[in-house]
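[1] Sequence first, predicted coordinates after that:
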Amino acid sequence: MPADMAEEFNEAAPVEDHAANPGGDVEMAEGEPAAATAADNGANAGELPFAEGGEADPRPTFVSYLTSPVVTLIVGSGENETILTAHQGLLTQSPFFAEACAAFANDGSPRQIELTNDETDAVGCFLEFLYTGDYFPKKLPGQRTLEPDPSLPEVDETGEQLLKHARVYTLAEKFGVDKLKSLASSKIHCVNSTAKGEITYARYVYQYTRKDDTTVRAPVANFWATRSHTLRAEAEEEFRGLCLEFPQFGYDVLTRVLDEKLKRERNEKMHPAPGSARKRPRHSQV
């Protein structure tokens, strides 16, 4: 999003304070609790124990995760099917995979999980996060921008760059990894996009997020409510189509526009401008 558009988007979103952590990278603090063993089934889901264990910090070493069983992930279906692999010790940081891995028998039979409805790129970002604590592109320290990707244009005209992080967000929610959800959300605000790109992103958000989502869904309506007068002019047909496809989107935007109008009217009544007060009609006396 453009810088000024991103600021409004962020102000409307009740998410983590990115200014307090401008880098946005996931940090593994020494005192952070983690799994007790490499085979732990998600007791501390979302915690990535990359530090060495010790007497005061009995977490396992990273090597112990790499020596855990390898799990095959079948992502997508048909021609889009892709085979990925990951170590069970890291996968079980997610409640979703902890439950799936708990069904495996220790008899040498294949450890395989099907993710037929998920996209390979998003699952790849999830695995990259499990192993490294982040995924490409990373946020530049102290800036509201992402590291450059030569394969992508600087301005996201189609919405694909926004969708990349939105898909990671919804996948992290499915897998129960809150840190990845926060990271993906913060990267969404770093994308410089156009009105048509924003429409594509809004369509995905309203199709694949919960109605009560306040991290990415609510800010979409707030964003369009505050900028619809300019954005609609750039993508009026797409805006109309989105409202017809997702009436809830149109309702949410209208509700915020009316709420803002009511707020302004209340402020004007409480703090009227000089000479703006209405006078009572004067009755003529005969």
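    That came through fine. Residues are numbered from 1 along each chain as shown.

[2] So, low pLDDT: which residues of the protein?
    Applying pLDDT under 70 to the chain picks out residues 1-59, 273-286.

[3] how about the strands of it, start to end?
    Here the chain has its strands, by DSSP state E, at 70-75, 82-87, 112-115.

[4] of all the ones you listed, which lies closest to residue 61?
    Closest approach to residue 61 among the strands of the chain is made by strand 82-87 (13.0 Å; C-beta to C-beta). (Glycine included, C-beta is placed from N, CA and C.)

[5] Parallel or antiparallel, list what pairs with the closest one.
    Applying DSSP bridges, strand 82-87 is found paired with strand 70-75 (antiparallel).

[6] what distance separates the partner strand from the centre of its chain?
    The chain centroid and the centroid of strand 70-75 are separated by 24 Å, computed with C-alpha atoms, centre = their mean, to the nearest Å.

[7] buried sites along it?
    Neighbour-count burial for strand 70-75, counted by 16 or more other C-beta atoms under 10 Å, picks out 71, 73, 75.

[8] so where do the helices sit in the protein?
    Assignment of helices within the chain using DSSP state H yields the ranges 3-12, 62-66, 88-91, 95-101, 120-132, 160-175, 178-188, 195-208, 217-234, 236-245, 247-270.

[9] what packs against the last one?
    Under the contact criterion of 3 or more C-beta pairs under 8 Å, 6 or more residues apart in numbering; DSSP states H and E, helix 247-270 touches helix 195-208, helix 217-234, helix 236-245.

[10] May I have that helix exported as CSV, CA atoms only?
    Listed next in CSV are the C-alpha coordinates belonging to helix 247-270 (Å, rounded to 0.1, in the frame of the first residue of the first chain):
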residue,chain,number,x,y,z
PRO,A,247,-22.7,-7.8,0.5
GLN,A,248,-21.1,-7.9,3.9
PHE,A,249,-18.2,-5.9,2.6
GLY,A,250,-20.5,-3.2,1.3
TYR,A,251,-22.5,-3.2,4.6
ASP,A,252,-19.3,-2.9,6.6
VAL,A,253,-18.0,0.0,4.5
LEU,A,254,-21.3,1.8,4.7
THR,A,255,-21.6,1.3,8.4
ARG,A,256,-18.1,2.8,9.0
VAL,A,257,-18.9,5.8,6.7
LEU,A,258,-22.2,6.5,8.6
ASP,A,259,-20.4,6.0,11.9
GLU,A,260,-17.8,8.6,10.9
LYS,A,261,-20.5,11.0,9.7
LEU,A,262,-22.3,10.6,13.0
LYS,A,263,-19.1,11.2,14.9
ARG,A,264,-18.4,14.4,13.0
GLU,A,265,-22.0,15.7,13.7
ARG,A,266,-21.6,15.0,17.4
ASN,A,267,-18.3,16.9,17.5
GLU,A,268,-19.8,19.8,15.7
LYS,A,269,-22.6,20.0,18.3
MET,A,270,-20.2,19.8,21.2
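
[11] Kindly present the helices of the chain as CSV, with separate columns for mean neighbour count and distance to residue 141.
    Compiled in CSV, the helices of the chain are given as follows (neighbours: other C-beta atoms under 10 Å; distance: least, C-beta to C-beta, whole Å):
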stretch, mean neighbour count, distance to residue 141
helix 3-12, 16, 18
helix 62-66, 16, 24
helix 88-91, 23, 26
helix 95-101, 19, 31
helix 120-132, 19, 16
helix 160-175, 23, 18
helix 178-188, 22, 13
helix 195-208, 21, 25
helix 217-234, 18, 24
helix 236-245, 15, 35
helix 247-270, 13, 34
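
[12] In CSV: the strands of the chain, plus distance to residue 247.
    Converted to CSV, the strands of the chain look like this (distance: least, C-beta to C-beta, whole Å):
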stretch, distance to residue 247
strand 70-75, 33
strand 82-87, 36
strand 112-115, 31
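
[13] So for residue 253, which of these sits nearest?
    strand 112-115 (33.6 Å).

[14] The closest one pairs with which strands, parallel or anti?
    Strand 112-115 has the following strand partners under DSSP bridges: strand 70-75 (parallel).

[15] okay, the angle between the strand it pairs with and helix 120-132?
    In terms of direction (axes from the mean of the first three to the mean of the last three C-alpha atoms, to 10 degrees), strand 70-75 departs from helix 120-132 by 150 degrees.
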